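Asks: Mind folding the following:
(2 chains)
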Amino acid sequence: MIFGVCESMTTPELLSFLFGTSFIAVLLGIAVTIMMRERPVPSEAMFIFRVVLALAAGGVGAVLPGLIDLKIGSANQTLVQAGGALALTVLVYLFNPPSQVEKLKVPKLPRPVARTRPGASGKSLGGRDAGA
Amino acid sequence: MIPVATLEDVQIRWLEIRQHGFVLHGFLLYTGSDQYFPEYIGGDGLTDLDMWSGDRCGIFLLHDAPAEWAEYAREHDHIWWRTFGAGGAGVDDQLLDAPVLHVGHGETLTPRQMLPSTNRGLAKMQVVAVLHYFGLAPTDHPCLILFRDLGDAKFWHIKLDDMLGIDIPRLRLALKQWFAGPTFNRLLKV
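Replies: All right, here's what the predicted structure looks like:
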């Protein structure tokens, strides 16, 4: 069925669909890797995810049936006007999915690092041996 | 949780504190600009952490003890009340919070409101003094330092840089999870 849909696509549509799906797949892979490492994601990476995800959404949106018309601004001044795939790109960029996830995340305290106090005599100030 | 003003406060009263029998002691260090640590501690943080750290761990904070804390500590016969509170604080909190000046339209001012606020630069120097005592750099805050005895050479250092800038509910949850977790329980075992 998928191949049937692909056959009916024009070359630009097929390219945008392939672009969108491949980038979504790559981002999914990166997200899984990051989650498994349990390390904080740098803000620069978050911005790249945001931009690539918005473009990928536009790529997939280009072949999705249906209409979307986006207007952002006040009643007498339109700041952004977009339709179709571009509207989807703008919507995903403004919604900013990576930051939504970041807002929900509770960071974990790092492991305690055992250290030695410089100039310590090692004697308990309390007159009692301190267990280590 | 034991709010203190300086490292010397702890050193002077160390014998008294040691007699309480805490297995683990510590310092939770942050400055006024380490968001949102002071905001959280100034709110529910002090009693939250006191509850989570339990009666086997005493953690010192370089933070002004609010009037509400003094009341809580007095009611619970808390070590802070016995060591620093009753007669140790200098001026009674009730006197500091008593309305003494009427400024029209029913509004009043308390001596605490009229006193100059704590100098933030001097408060930061107290944090640096503790970091220096443990041989840490002045930039190593916010952090949690844990030790068995103030005179011990060995201590544990937990960097809290990742907690900076996160909102109070998530900061609270992160600390709660840590105090409920295996790392803290392992450290409590002698």
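Asks: Once you drop chain neighbours, what's closest to residue 99?
Replies: All of this is about chain A. Closest residue to A:Ser99 apart from its sequence neighbours, by C-beta to C-beta, 6 or more residues apart in numbering or on different chains: A:Met46 at 6.7 Å. Yep, even glycine has a C-beta here, placed from its N, CA and C like the rest.
Asks: that's the other chain; I wanted chain B
Replies: B:Thr108 (3.5 Å).
Asks: wait, what's in contact with the one you found?
Replies: Going by C-beta atoms under 8 Å, 6 or more residues apart in numbering or on different chains, B:Thr108 touches B:99-102.
Asks: Which residues are in contact with the residue nearest to A:Leu109 when sequence neighbours are not counted?
Replies: Once flanking residues are discounted, A:Leu109 sits nearest to B:Trp178: 4.4 Å by C-beta to C-beta, 6+ apart. By C-beta under 8 Å, 6+ apart, the contact set of B:Trp178 is A:108-109, B:184.
Asks: Distance to A:Arg117, secondary structure and pLDDT for these - can I get that in TSV?
Replies: Output for the contacts of B:Trp178, formatted as TSV (distance: C-beta to C-beta, whole Å; DSSP: H, G, I helix; E, B strand; the rest coil; pLDDT from 0 to 100):
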residue	distance to A:Arg117	secondary structure	pLDDT
A:Lys108	26	coil	88
A:Leu109	21	coil	92
B:Phe184	21	helix	95
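Asks: Just put the residues you listed in a markdown table and tack on distance to A:Ala31 and neighbour count.
Replies: Conversion of the contacts of B:Trp178 to a markdown table gives the following (distance: C-beta to C-beta, whole Å; neighbours: other C-beta atoms under 10 Å in any protein chain shown):
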| residue | distance to A:Ala31 | neighbour count |
| --- | --- | --- |
| A:Lys108 | 18 | 15 |
| A:Leu109 | 23 | 19 |
| B:Phe184 | 30 | 21 |
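Asks: Which residues are in contact with the spatially most central residue of chain A?
Replies: By C-alpha atoms, centre = their mean, the mean C-alpha position of chain A lies nearest to A:Pro98, the distance being 3.2 Å. Residues near A:Pro98 by C-beta under 8 Å, 6+ apart: A:41, A:46, A:49-50, A:53.
Asks: From those, which land in strands?
Replies: Assignment to strands by DSSP state E places none of the contacts of A:Pro98 there.
Asks: And the next helix or strand past the helix or strand of chain A with the lowest mean pLDDT?
Replies: Sorting the helices and strands of chain A by mean pLDDT, DSSP states H and E puts helix A:2-8 at the bottom, at a mean of 63. Downstream of helix A:2-8, the first helix or strand assigned by DSSP states H and E is helix A:11-37.
Asks: Could you name the helices and strands sitting against that following helix?
Replies: helix A:43-61 (3 or more C-beta pairs under 8 Å, 6 or more residues apart in numbering or on different chains; DSSP states H and E).
Asks: got the contact list for the helix or strand harbouring B:Glu8?
Replies: Assigned by DSSP H and E, B:Glu8 falls within helix B:7-12. Identification of contacts with helix B:7-12 by C-beta under 8 Å, 6+ apart yields A:125, B:2, B:4, B:17, B:60, B:84, B:126, B:129-130, B:133, B:150.
Asks: if I look at the residue nearest to B:Pro99, how far off is B:His102?
Replies: B:Thr108 is 6 Å from B:His102, where distance means C-beta to C-beta, to the nearest Å.
Asks: Noted, bye for now.
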